[in-house]
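Colleague: Show me how the following folds:
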Amino acid sequence: MRKPKILILGGAGYIGGYLTDLLAQNGYEVAVYDNLLYETRFLKNIKFIYGDVRDYNKLSSIINDFDIVIALAGIVGDEACAISPAVAKAVNTDSTKWLTDNFKGKIIFASSCSVYGINNSLIDESASPNPLSLYAETKVASERIILDSPNGKNHLVFRFGTLFGIGDEHARLRFDLVVNALTMKAALGEPLIIFGGGQWRPIIHVKDVAEAIMYSIQKNICGLYNLSYKNYMMNNIAQEIKNTLADKPIKVEYTNLKFEDMRNYRVSSEKFKAHGWSPKYELRHGISEIYRKINEGRIKEPSDPIYSNASFIKSRFL
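Modeller: Residues are numbered from 1 along each chain as shown. Alright, predicted model coming up:
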């Protein structure tokens, strides 16, 4: 039986890097479509199509050559979306509408647990979204567009927890994600400043996200799913960094100052795990690999705006 041909929109990014390698290694015919917003080149031995997801003419000429589209492209994060709401809506939501209207195959869409906003219960996919930012609003809107479309029952939407760790050896790292950001500070000898510390976040290693996507393709899974490894309080993430790097002098500072990011939620990923998938990478694994890369001097300027979505967009376009 022929394996499906797969197009990864945004395949040069943080998730797409390892996902592209993983699918290719497992015999899938893969192509990457990306505008290289955060990159200057794409050197992998994978079919590459340079393009923006708002370029509907270009997309229409290629899209139905594929059986599955994995939609990773987007303006990601609250701060990044707030820089230009019009662009965020066009990239994150309008392009999703075009895709559902014009693509005949299966869509696997990258959403976020950010859609839950504040919820003090352990919540599953039946919980009502409570978006607190434009970013979350664009994800909720896109989810509805996909799942309510005529072919909606055949599509798949993942609500990812906060990512951490390293995927492949080429894609840009992100230091605007809580585990990676705090580990970077530890590697640079800076104190880990925790605002409050009682906020909950579901987290997941970037490689586990890729593994779950491939698993869903192999098992032809459709529907809406949370995807996470475990739920952690912010102060427990800091403590895990201290425990993992026990031989390093790491200082944690707590402040009661109100932090602008008020999200607080715990999610259950049992619905997807019931299909037989389980995460492989623990929190300490991601901490260790990020620390090692910085400590060995393999990342020359960890504070460079390129490692933060919002900081880079501001530095380049404002």
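
Colleague: Tell me which helix or strand the closest residue to residue 53 other than its chain neighbours sits in.
Modeller: Leaving aside its sequence neighbours, residue 53 sits nearest to residue 95 (CB to CB, 6 or more residues apart in numbering; 4.2 Å). To be clear about C-beta, it is placed using only N, CA and C from the backbone, and glycine gets the same treatment. Here residue 95, judged by DSSP states H and E, is contained in helix 95-102.

Colleague: now residue 169: how far from residue 13?
Modeller: Residue 169 is 14 Å from residue 13, where distance means CB to CB, to the nearest Å.

Colleague: Looking at those two, which is more packed in?
Modeller: Legend: neighbour count by other CB atoms under 10 Å for residue 169 and residue 13, higher for residue 13 (27 against 9).

Colleague: which residues does the more buried one contact?
Modeller: Contacts for residue 13 (CB atoms under 8 Å, 6 or more residues apart in numbering) come out as 34, 38, 72, 73, 171, 172.

Colleague: do residue 182 as well
Modeller: Contacts of residue 182 by CB under 8 Å, 6+ apart are 192, 237, 238, 241.

Colleague: how near is residue 102 to residue 52?
Modeller: According to CB to CB, residue 102 and residue 52 sit 15 Å apart.

Colleague: how about the contacts of residue 182 in a markdown table, adding neighbour count, distance to residue 107 and pLDDT?
Modeller: Shown next, in a markdown table, are those (neighbours: other CB atoms under 10 Å; distance: CB to CB, whole Å; pLDDT from 0 to 100):
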| residue | neighbour count | distance to residue 107 | pLDDT |
| --- | --- | --- | --- |
| 192 | 22 | 39 | 92 |
| 237 | 22 | 32 | 95 |
| 238 | 26 | 37 | 93 |
| 241 | 26 | 37 | 96 |
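
Colleague: Can you add distance to residue 250 and secondary structure and give those residues back as TSV?
Modeller: Shown next, in TSV, are the contacts of residue 182 (distance: CB to CB, whole Å; DSSP: H, G, I helix; E, B strand; the rest coil):
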residue	distance to residue 250	secondary structure
192	7	strand
237	12	helix
238	8	helix
241	6	helix
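
Colleague: And the furthest pair within those?
Modeller: Maximum pairwise distance among the contacts of residue 182 (CB to CB): 8.8 Å, between 192 and 237.

Colleague: Which one of residue 102 and residue 52 is surrounded by more residues?
Modeller: Each of residue 102 and residue 52 has its neighbours counted (other CB under 10 Å); residue 52 has more, 18 against 12.

Colleague: Report pLDDT for the more buried one.
Modeller: pLDDT, residue 52: 97.

Colleague: Among the contacts of residue 13, which ones are in strands?
Modeller: residue 34 (DSSP state E).

Colleague: which one of the contacts of residue 13 sits closest to residue 60?
Modeller: Nearest member of those to residue 60, counting by CB to CB, is residue 73, at 15.8 Å.

Colleague: What count of nearby residues applies to the closest residue to that closest one other than its chain neighbours?
Modeller: Of all residues not flanking residue 73 in the chain, residue 10 sits nearest, at 3.2 Å (CB to CB, 6+ apart). Using other CB under 10 Å as the criterion, residue 10 is surrounded by 22 other residues.

Colleague: Tell me who's in contact with residue 10.
Modeller: 16, 33, 34, 53, 71, 72, 73, 74.

Colleague: Dump these to JSON lines, plus neighbour count.
Modeller: Compiled in JSON lines, those are given as follows (neighbours: other CB atoms under 10 Å):
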{"residue": "16", "neighbour count": "26"}
{"residue": "33", "neighbour count": "27"}
{"residue": "34", "neighbour count": "23"}
{"residue": "53", "neighbour count": "24"}
{"residue": "71", "neighbour count": "25"}
{"residue": "72", "neighbour count": "25"}
{"residue": "73", "neighbour count": "26"}
{"residue": "74", "neighbour count": "27"}
